[in-house]
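Novice: model the following, please.
(chains A, B, C and D)
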There are 4 protein chains.
Amino acid sequence: MNSIKAAIIGPTGYTGVYLIDILLRHPQAELAYLASHRDQLPDIRDEFPQLRGRIDDEIAQCRPIDPQAIAAECDVAFLALPHRAAMAYAPKLLEAGLKVVDLSADYRLDSQSLYEEVYETPHGDPSNLEIAAYGLPELFRDKIKDADLVANPGCYPSAAALGVAPLITHSLVKLDKIVINAASGVTGAGRKAAPHLHYPEQNESFFAYGKIGGHRHQCEIEQTYKRIAGKDVPALFVPHLLPLDCGILETIYLEPATDDVTEAELFEAFEDTYKDEPFVRVLEGMPNVKHVRNTNFCDVTVRLTQQGDNQTIVVFSAIDNMVKGASGAAVQNMNLLFDLPETMGLL
Amino acid sequence: MNSIKAAIIGPTGYTGVYLIDILLRHPQAELAYLASHRDQLPDIRDEFPQLRGRIDDEIAQCRPIDPQAIAAECDVAFLALPHRAAMAYAPKLLEAGLKVVDLSADYRLDSQSLYEEVYETPHGDPSNLEIAAYGLPELFRDKIKDADLVANPGCYPSAAALGVAPLITHSLVKLDKIVINAASGVTGAGRKAAPHLHYPEQNESFFAYGKIGGHRHQCEIEQTYKRIAGKDVPALFVPHLLPLDCGILETIYLEPATDDVTEAELFEAFEDTYKDEPFVRVLEGMPNVKHVRNTNFCDVTVRLTQQGDNQTIVVFSAIDNMVKGASGAAVQNMNLLFDLPETMGLL
Amino acid sequence: MNSIKAAIIGPTGYTGVYLIDILLRHPQAELAYLASHRDQLPDIRDEFPQLRGRIDDEIAQCRPIDPQAIAAECDVAFLALPHRAAMAYAPKLLEAGLKVVDLSADYRLDSQSLYEEVYETPHGDPSNLEIAAYGLPELFRDKIKDADLVANPGCYPSAAALGVAPLITHSLVKLDKIVINAASGVTGAGRKAAPHLHYPEQNESFFAYGKIGGHRHQCEIEQTYKRIAGKDVPALFVPHLLPLDCGILETIYLEPATDDVTEAELFEAFEDTYKDEPFVRVLEGMPNVKHVRNTNFCDVTVRLTQQGDNQTIVVFSAIDNMVKGASGAAVQNMNLLFDLPETMGLL
Amino acid sequence: MNSIKAAIIGPTGYTGVYLIDILLRHPQAELAYLASHRDQLPDIRDEFPQLRGRIDDEIAQCRPIDPQAIAAECDVAFLALPHRAAMAYAPKLLEAGLKVVDLSADYRLDSQSLYEEVYETPHGDPSNLEIAAYGLPELFRDKIKDADLVANPGCYPSAAALGVAPLITHSLVKLDKIVINAASGVTGAGRKAAPHLHYPEQNESFFAYGKIGGHRHQCEIEQTYKRIAGKDVPALFVPHLLPLDCGILETIYLEPATDDVTEAELFEAFEDTYKDEPFVRVLEGMPNVKHVRNTNFCDVTVRLTQQGDNQTIVVFSAIDNMVKGASGAAVQNMNLLFDLPETMGLL
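Specialist: Numbers count the residues shown, from 1 in each chain, chains lettered A, B, ... in the order given. From the prediction side, this is the model:
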């Protein structure tokens, strides 16, 4: 079988280098094209010295973003551009005949108006917004397989979806009281230097950030819950920044649907949901971001606790924000788009 | 005025070295006696090389724990021994005429039976358990001033008490739905090497630990809430371990007492409660463990969020677990016991 | 072609888990047997939760170290036991017909008496000590290919050998004045918890350790230099411990052989030596342990500096101590032993 | 006695916040004036939230740099401005009658031409360059006491001077072969965000930087050695960046002056030199940056090693780059300028 030839549009961020690394190891994919929207087109090895010795000169040299030229050499394009920039290229890449996996937020929300409110810009490609598949294979595998355009989920939303889905589908929780306490490593904030991400500020540091209750990922999380539940599921999402490179841990607080839910039932819901999923590990012990580092796994566990007459369910969900939360999931989606084994290149 | 002469019983742990450091800088206190229960009595500078050049030879050399000898030279004894060990010495030190500040958990819970259940050992000194003052000056200052024995609060409970007290006293929250999501630096786990605290295991790591909903600090937190509220306040406390040395951040989720609570009212409650407190800073922005590092401050802020028809209050409370969470608070209590300005040596 | 079937003896240390990870990704090798000398034979996934979902139950369960049973199922055995323990098993594994790659120090020194002095124990297998190949392919590839027993080099010695070999072979340096200032991440100290490796002691810390000028790796370094130079090359090796997980950087100070050596000549020596080596990258810029993390690369560069009338050559050599410094090199050696492409599974 | 009133010019960098912290604790100094050259004059508590609750409103608000106004309220001015900016203000502050401690490099080199070559700018105040005292009290105490302008030493040069001075004064080393392998925490690179100091780049990282053999601190180090030796002492200085906040460790390689130097003699030289110095600790064990953290100490030790027929002296010298390497030393110099006990506010 011929290798899938892959292009990366916007490879100079952290999602780019993770994509490159995964594709270079993938047995049936070939990194064929790096395209940058910078004026000075870089050799990717100058951006990421760790790539030297692993990538050929002609591929390492970034080229302009020319959809026709990319389509002439490639089967799939990964859009690793910032939000708002991706939607300018996706339609052209699709028209040129490429499959597209977009790692930005531009096609994640199915509501154009919500997108425009949250990202504070008109959506430039509403027709594709409607047909894009939301790229969380564990929940929406069939739609992804048939898609041309996959919207790769946000990192926080991936952990939040996998951590709560079994409880919704098994009707074990109330749908109006979900609190997601989340913490992420600093790669999640991107590669651009900023004063609060300067090493001496961020090292030995821990804090919540952003507008509490108003983070952009909150509505993406709620959208997934709504798709599963069939009705509105408002959630509170509170992100924190950890002094480490990669990893997300979400500690999710929920109320049981009824008084007689047992912890065993909760576990059964998780095990039932994920028994055939290669990338979700239902643990008895506690998930740790270090144990999913550099992997495409999501580790989850669940506890039922008692406070006086009340009960609280606590879910723990851990992923590597750069792998299952971004570039690993993108390759998992590519595998689905091209009928490859879903775990290929990812275990 | 003469200096207060202070002894530290059990100075070889992290609370010990922080106490020594603070006392050496204190203008009206003098570190006079180090007493260890080890067979081989160490020179404290061999345990903590950072203390070399700051402490005299005769003080640096640990001596046995002899209450009479200590009382002959000192006014106050800090018990920095592990839980269960402290209660064997406190009564003898009190009988010898010393004021005692105990940094262990042995006198924190006012219920003997609860202590015995939680710490799984008979309490050896129930009469002092009854009369010990709980050493959180911001809430219980008057009782501390009159006490001979002060039970220094746990680190997590200190941040949890200061973060919630204003909301209880101002009747702004429901008392049956409090969730405390907490994260601590590794010094909070003590100085004893353990496999999961080995550097390569703990570095780049983040996880929840212990029995979820069953941590020993949960009942100490509930006890304080009950004292303020005048009735039972069950709480869920979930601790996590951060890859950093010092600092606790608690993100606390509560429900407003009524539908018409405003964020401004929440802030007013905090500002009203803490306007004269030198060590509590009510912030508009987000508390960060790095901004309280090596200080006796507790930084707090509060937010009101909306999820569909529901509202959730979120409180953020940060301390240095070794200072306001342990040795700084202990010196603050010493200042109260001896009618010194409460901030002396701590700003 | 059939896969090479591999056993790991002593898989519960850090070299073990790195070996497992690399072998699980290797296209022509198969992890077939885990053998432990513990009384309680662990499931390796309980030791390393990150391996869950990647390894079959029957392989994950460690078995006793039974050379005959191992040989019945495997082609090669990796000895990942501590120094002194490995030499008890190597001869039996060889006799049973296995190829053996030993990651301990037991077969690295060709002098029995030096081994016995440095490791303070009689050598239990002197006949194999004589015939073992020193497993640094870049310098001793031919001997490795023909060997049955490969002594995998120490982590520090690997970086020291690759950083200096071109200068010796090109007669560019004096052989009696080599200073190796080295720094390693904490995984290099092993997985066993120890007070000075407790997280709060090691975090935010940096110090030299051991007997300065008397580290065990110094004589291994000198042995390699001597093999290249054909005469004694005394070196001073000074190791430091870094507050990070993985990575070694050696900053090596040498004197040029003559006054007229140029920096260009130094670079040419490196480029000439390593032009066909897939795992050595000669850089213009500075090697950084982060850029070799999780790779089998050694990054090197060289500078010529002037102090008054004197000149000093400075070499910088970086590896990941767990990959090129241990388990990656071991698989590189396995590839050579079985005539596989040397980079297979390692890029 | 009245307090010394102190101004800080340029308080928004890391040396500024350390100065503020030390002065706020100092029993005989008072922080009286913060002056900034920014257009938007900040409240220092917005720059450094950790200062809230410790500093009065009127002091916290930065004012313009007006030498007359500063002199009207203060006795001493600390210049915490960048190199090149400080020399524009120092003469005016001196003329206004203030004592000045400059933490920049502008008055450290006594040669105008060397300054202009190294800092690539004309020196705007050559007359004061000539008379400034080099502020390393352990070596130049008398000159500092009589000075009006003190050039606070560089961080690396302080550790390098204290680590080698005893060996030069006791004629124990050759003066033409000194190699200083240095490593610093990231605060040493300043507070301005930069791509290579972005948290995910710097975390888990270690590398040498700058022009090897051409760092600006090298000539400052050589100047100090020359002052002690009375003749040129060329040195090679190679700095590395550590993944931690604060701390410098220098590992210094020297050759003994003669063959019969003993390690005991080396120690005697250190002990003899520093026996009355409150801030230099001569250790038997290894200095660790963590053990000098937040202190004004320099920890040093020395070893004599043998390589074949040659011997190498190795010195280890550790300081906190922000304290003994900057703001602590500045306050030590202030104490000297005003006849206060030298350790006041620093132990």
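Novice: kindly export stretch A:288-298 (C-alpha atoms) in CSV.
Specialist: Included here for stretch A:288-298 are C-alpha records, laid out as CSV according to Å, rounded to 0.1, in the frame of the first residue of the first chain:
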residue,chain,number,x,y,z
ASN,A,288,-1.3,11.3,36.5
VAL,A,289,-0.3,13.6,33.6
LYS,A,290,3.1,12.0,33.7
HIS,A,291,1.7,8.6,32.9
VAL,A,292,0.1,9.9,29.7
ARG,A,293,3.0,12.0,28.6
ASN,A,294,4.0,11.5,25.0
THR,A,295,1.1,9.1,24.5
ASN,A,296,-2.3,9.3,22.9
PHE,A,297,-4.1,7.9,25.9
CYS,A,298,-6.8,9.4,28.0
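Novice: please compute how far that stretch lies from its chain's middle.
Specialist: On the basis of Cα atoms, centre = their mean, to the nearest Å, stretch A:288-298 is displaced by 14 Å from the centre of the chain it belongs to.
Novice: what does the stretch 101-250 of chain A put close to chain D?
Specialist: Near chain D, the residues belonging to the stretch 101-250 of chain A are A:185-187, A:191-195, A:197-200, A:202-204, A:243-245 when assessed by Cβ under 8 Å from any Cβ of the partner chain. Just so you know, the C-beta spots here come from the backbone N, C-alpha and C atoms, and that holds for glycine as well.
Novice: restricted to buried residues, select these in PyMOL.
Specialist: Buried residues among these (16 or more other Cβ atoms under 10 Å in any protein chain shown), as a PyMOL selection:
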select buried, chain A and resi 185+186+187+191+193+197+198+199+200+202+203+204+243+244+245
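Novice: so of the residues of the stretch 101-250 of chain A next to chain D, which ones are in strands?
Specialist: Using DSSP state E to define strands, no part of these is located there.
Novice: of the residues of the stretch 101-250 of chain A next to chain D, list those near chain B.
Specialist: Filtering those for proximity to chain B by Cβ under 8 Å from any Cβ leaves A:Asn203, A:Glu204, A:Pro243, A:Leu244, A:Asp245.
Novice: quick check: the farthest pair among the residues you listed?
Specialist: The span of these, defined through Cβ to Cβ, is set by A:Glu204 and A:Asp245 at 14.6 Å.
Novice: list the contacts for A:Lys143?
Specialist: Taking Cβ atoms under 8 Å, 6 or more residues apart in numbering or on different chains as the contact definition, A:Lys143 lies against A:Ala133, A:Tyr134.
Novice: so which strand or helix has it?
Specialist: Per DSSP states H and E, A:Lys143 falls inside helix A:137-145.
Novice: that helix: which residues count as buried?
Specialist: By 16+ other Cβ under 10 Å, the buried positions in helix A:137-145 come out as A:Pro137, A:Glu138, A:Leu139, A:Phe140, A:Arg141, A:Lys143, A:Ile144, A:Lys145.
Novice: any idea how far the first one lies from A:Glu58?
Specialist: With distances taken as Cβ to Cβ, to the nearest Å, A:Pro137 is found 33 Å from A:Glu58.
Novice: so what's the residue count around the residue in the stretch 151-300 of chain A that chain C sits nearest to?
Specialist: Nearest residue of the stretch 151-300 of chain A to chain C (Cβ to the nearest Cβ) works out as A:His291 at 4.3 Å. A:His291 sits with 23 neighbouring residues when counted by other Cβ atoms under 10 Å in any protein chain shown.
Novice: and it, its phi and psi?
Specialist: Phi and psi for A:His291, reported as degrees, to the nearest 10, are phi -80, psi -10.
Novice: list the contacts of the residue nearest the centre of chain A.
Specialist: The structure's chain A has its C-alpha centroid closest to A:Gly325; by Cα atoms, centre = their mean the separation is 3.4 Å. Taking Cβ under 8 Å, 6+ apart as the criterion, A:Gly325 is in contact with A:Gly154, A:Cys155, A:Tyr156, A:Ser158, A:Ala159, A:Gly188, A:Ile248, A:Ile319.
Novice: cool, A:Asn294 as well?
Specialist: The neighbourhood of A:Asn294, defined by Cβ under 8 Å, 6+ apart, consists of A:Cys246, A:Asp320, A:Val323, C:Asn294.
Novice: of those residues, closest to chain B?
Specialist: A:Cys246 (7.9 Å).
Novice: could you find the closest non-adjacent residue to that closest one?
Specialist: In space, and not counting its chain neighbours, A:Cys246 is closest to A:Gly185: 4.6 Å by Cβ to Cβ, 6 or more residues apart in numbering or on different chains.
Novice: give the contact list for that neighbour.
Specialist: Remark: with contacts taken as Cβ under 8 Å, 6+ apart, A:Gly185 is in contact with A:Leu242, A:Leu244, A:Asp245, A:Cys246, A:Gly247, A:Ile248, A:Val289, A:Asn321, D:Pro200.
Novice: mind listing the helices for the stretch 51-200 of chain A?
Specialist: A:57-60, A:67-73, A:90-95, A:112-118, A:126-131, A:137-145, A:155-169, A:199-202 (DSSP state H, counting those that start in this stretch).
Novice: does the last one reach chain C?
Specialist: No: contact check for helix A:199-202 against chain C, using Cβ under 8 Å from any Cβ: none in range, with a minimum separation of 11.3 Å.
Novice: just checking, what packs against that helix?
Specialist: helix D:199-202 (3 or more Cβ pairs under 8 Å, 6 or more residues apart in numbering or on different chains; DSSP states H and E).
Novice: for the record, mean pLDDT for the helix it packs on?
Specialist: Summarised as a single mean, pLDDT over helix D:199-202 is 98.
Novice: which is the next helix or strand following it?
Specialist: Next along from helix D:199-202, by DSSP H and E: strand D:207-208.
Novice: for that following strand, name the packing helices and strands.
Specialist: Contact partners of strand D:207-208 among helices and strands, from 3+ Cβ pairs under 8 Å, 6+ apart: strand C:248-254, strand C:310-319, strand D:235-241.
Novice: thinking again about what came up before, helix/strand/coil for the residue nearest to the centre of chain A?
Specialist: On the three-state scheme (DSSP: H, G, I helix; E, B strand; the rest coil), A:Gly325 is labelled helix.
Novice: that one and chain C, how far apart?
Specialist: In this structure, A:Gly325 and chain C are 16 Å apart, going by Cβ to the nearest Cβ, to the nearest Å.
Novice: excluding chain neighbours, what is closest to that residue?
Specialist: By the measure of Cβ to Cβ, 6+ apart, the closest residue to A:Gly325 outside its immediate chain neighbours is A:Cys155, 3.0 Å from it.
Novice: tell me the spacing between the one you found and C:Ala72.
Specialist: Taken as Cβ to Cβ, the spacing of A:Cys155 relative to C:Ala72 amounts to 46 Å.
Novice: so between the two, which is more surrounded?
Specialist: The neighbour comparison of A:Cys155 against C:Ala72 (other Cβ under 10 Å) goes to A:Cys155, with 27 against 11.
Novice: surely that one and A:Gly188 touch.
Specialist: Yes: counting by Cβ atoms under 8 Å, A:Gly188 is a contact partner of A:Cys155 at 5.8 Å.
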